[in-house]
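> mind folding the following:
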Amino acid sequence: QAHMVESGGGLVQAGGSLRLSCAPSERTFSTYSMGWFRQAPGKEREFVARIHWSTGITYHADSVKGRFTISRDSAENTAYLQMNSLKPEDTAVYYCAARKSLSAAWDYWGQGTQVTVSS
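Model (predicted):
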């Protein structure tokens, strides 16, 4: 089964920026929407942002609105998460996910990429 492949995590100081990338393992993967989620130590996984693939319409969680931006390159079948003004509380493993329809679950996941923000 196809899965998602993330890259771009790392260690950054508070106030800094990182950009995460995500692409499906299969180039013929058909996407309805892609999203980013994160899980901090000892906490449940939470939604960060999603993008509707054909229209580019986006939705961001309140906790990241104005600082993070999800985007996509349809030709490359790749989604991005630009993270600016990072805070220590943004430290988490970030996961990319995809679904194939509005009614489908987020069935396709990546292995996660660590983002650590130092104070």
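> name the element residue 21 belongs to?
strand 18-24 (DSSP states H and E).
> what's the helix or strand that that strand is followed by in contact with?
Proceeding N to C from strand 18-24, the next assigned helix or strand is strand 33-39, under DSSP H and E. Here strand 33-39 makes contact (Cβ atoms under 8 Å, 6 or more residues apart in numbering) with 4, 20, 22, 45-53, 70, 72, 79, 81, 90, 92-99, 102, 106, 112, 115. In this view, the C-beta of every residue, glycine as well, is placed from N, C-alpha and C.
> same thing with stretch 59-76?
Contacts of stretch 59-76 (Cβ under 8 Å, 6+ apart): 23, 34-36, 46-51, 53, 56, 58, 78-86, 90.
> can you select the buried ones from the residues you listed in ChimeraX?
A single ChimeraX command suffices to select whichever of the contacts of stretch 59-76 are buried according to 16 or more other Cβ atoms under 10 Å:
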select :23,34,35,36,47,48,49,50,51,53,78,79,80,81,83,86,90
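> so what's the residue nearest the centre of the chain closest to, chain neighbours aside?
Central residue of the chain (Cα atoms, centre = their mean): residue 36, 2.7 Å from the mean position. Using Cβ to Cβ, 6 or more residues apart in numbering and skipping residues adjacent in sequence, the residue nearest residue 36 is residue 48, 4.2 Å away.
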